[in-house]
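> model this:
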Amino acid sequence: MSTMGSTTESTARSLGFLLLPAFLLYVDHSWLSVGATTQELLIGFTATPDPPVSSFQPLLHNPNGTFSLGFLRNGSSQLALAIVHVPSSEPVWLANPTRWARWSKSTVLFFNGSLVLSDPHTGVLWSTHTDGERLLILNSGNLQIQKLDGSGSVVLWQSFDFPSDTLLENQNFTMNVSLVSSNGLYSMRLGDDFIGLYVEFKAGLDQIYWRHRALEAKASIVDGRPIYARVSPNGFLGMYQTEAAPVDVQSFNTFHRPISGIRRLRLESDGNLRGYYWYDSKWVSDFQAIDNECELPNACGSYGLCLPGGDCRCLDNRTEYSSGGCFPPESGDFCKVRGEDYASATEYWVLRRAGVELPYKELMGFEKMGSLEECESSCKSNCSCWGSVFHNVSGFCYALNYPISTLVSFGDASKIGYFKVRRIEEEKTRRGVRLADGIALLIGTVLIFVGIAGFGTYMWMRRKELEHDIFMEEQDLSHGSYRELLRSSSFGAVELCKR
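Okay, here's the model as predicted:
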């Protein structure tokens, strides 16, 4: 029996997106041989989670045994319907990453033409809404529901049309879908002529932080015709409009090098897009979209400052940096505070910092203004604005209409940041410090009192013992015989002294 494991950090999105650990599951590999011949599920199939299973319960395998569909366990009580890459034990697809089921006998997966995951407490959790006849996984990792007709099989539904955070090689990525990172913060989408990475800083507002436009080196883009992307076995991410030739080729490190294992592209929980290939029992990275760590949206967390080399500090020099940021992550805006209008509620304090830059300013909008004061004033009067960065030389004013995340350290002090920080968080911190100080003072006082009381009790008991000893000695002298007194050495000593 062998185990393999790795873990990744956790956060939630507004729809209840729970962090799927991007890990190598602790797997008892004895399951690889259980049901290894199950390569097709037919109408009438049902399955429930097996309580003793600690990580993954396989239900269906592809012909060469590389992929398996089954119940993926998350903690002690949750599960997802997932496709797992068997050699690495890593999930490459989730049926419904925004809603987890319960790991209990009441949760049922069945195939009645549709593949359905349900629970009597919450009803249907996920369904393909199809009328098929069989379910199978291809060697590509594509899960399909098929229906047979006179000429063969017709694909009614396939997992390749509904990716989660991973693209496998030869899987088409269209403008109708998106990749979403396991923590729900980042997404990859296609534009008319580009691939873009987006971060959602608050509900309903996302910001593009990486964009790769089609170079049109081998073919020109035809207006009005949608594009799609695909990871090629030859080691590149291509954009296409037709199969004739790609309109763009984003090369990997192993471009046109023969690789025996499969390839995949994953949107990671830090917001980077990375490519891998399977070689010698491990995933090897051969592509990443963003090489400079400081260009990631949350490299140093809320109100963090990323220094050259990737080290993190706080925008506020008085605050010590800790993992995840310098102030608690925020959401929303300043338009409604405690039910009051923005104009009558000053619930923030201002943090200014010179020598800062936005990590992806080339992809942000800006306004040209005449002075730093004008730039700051425009943000101050806008309740949706959390901060601004002003360039003294160019006069460009960049407004940040979302909670402040990572800024980049820049040697030129002419670039000045203006940032709002919720005062309520500062007050909570101060109240927490005062409470901690009060508790420490109370504990100290109690300890001093206990010490004094203990010492007093000890001295009182000691005095009682001495009084008791003196009393007993007096009793011995008064009741003992004169003959015994003469025998005592102390009496003899007294007599000798008198001589």
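
> P359: how many residues sit nearby?
22 (other CB atoms under 10 Å). C-betas here are computed from N, CA, C, even on glycine.

> quick one: buried residues of stretch 355-375?
For stretch 355-375, the neighbour count (16 or more other CB atoms under 10 Å) marks G355, V356, E357, L358, P359, Y360, M364, F366, M369, L372, C375 as buried.

> in what helix or strand does the closest residue to K361 other than its chain neighbours lie?
Sequence neighbours aside, Y398 is the residue nearest to K361 in space, at 6.0 Å (criterion: CB to CB, 6 or more residues apart in numbering). Here Y398 sits within strand 396-400, counting by DSSP states H and E.

> before we move on, the earlier item: can you add pLDDT and secondary structure and give the buried residues of stretch 355-375 back as CSV?
Below are the buried residues of stretch 355-375 laid out as CSV (pLDDT from 0 to 100; DSSP: H, G, I helix; E, B strand; the rest coil):
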residue, pLDDT, secondary structure
G355, 95, coil
V356, 95, strand
E357, 94, strand
L358, 94, coil
P359, 93, coil
Y360, 93, coil
M364, 92, coil
F366, 94, coil
M369, 96, coil
L372, 96, helix
C375, 97, helix
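
> tell me how far stretch 187-198 lies from the chain's centre.
22 Å (CA atoms, centre = their mean, to the nearest Å).

> may I see the buried residues of that stretch?
S187, M188, R189, L190, D193, F194, I195, G196, L197, Y198.

> report how many residues lie close to the nearest residue to L148 once chain neighbours are set aside.
Closest residue to L148 apart from its sequence neighbours, by CB to CB, 6+ apart: E133 at 5.7 Å. Other residues lying near E133 total 17 when counted by other CB under 10 Å.

> picking that back up, which strands or helices does the strand holding Y398 pack on?
strand 367-368, helix 372-380, strand 387-391 (3 or more CB pairs under 8 Å, 6 or more residues apart in numbering; DSSP states H and E).

> mind listing what it pairs with, with the direction of each?
Paired neighbours of strand 396-400 in the sheet (DSSP bridges): strand 367-368 (antiparallel), strand 387-391 (antiparallel).

> looking at the ones you listed, which one is packed in the most?
strand 387-391 (a mean of 24; mean count of other CB atoms under 10 Å).

> which one of the helices and strands packed on strand 396-400 lies closest to D161?
strand 387-391 (40.0 Å; CB to CB).

> contacts for that closest one, please.
356-358, 361, 369, 372, 375-376, 378-379, 396-400, 404, 407, 414-420 (CB atoms under 8 Å, 6 or more residues apart in numbering).

> between helix 372-380 and that strand, find me the angle.
160 degrees (axes from the mean of the first three to the mean of the last three CA atoms, to 10 degrees).

> run through the stretch 301-450 of the chain and note the low-pLDDT ranges.
336-346, 424-450 (pLDDT under 70).

> distance check, the residue nearest to K361 against L358.
6 Å (CB to CB, to the nearest Å).

> okay, and the common contacts of those two?
Common neighbours of Y398 and L358 (CB under 8 Å, 6+ apart) are M364, V389.

> run a quick neighbour tally on P120.
8.

> isn't D270 right up against N298?
Yes. Counting by CB atoms under 8 Å, N298 is a contact partner of D270 at 7.3 Å.

> many thanks, have a good one.
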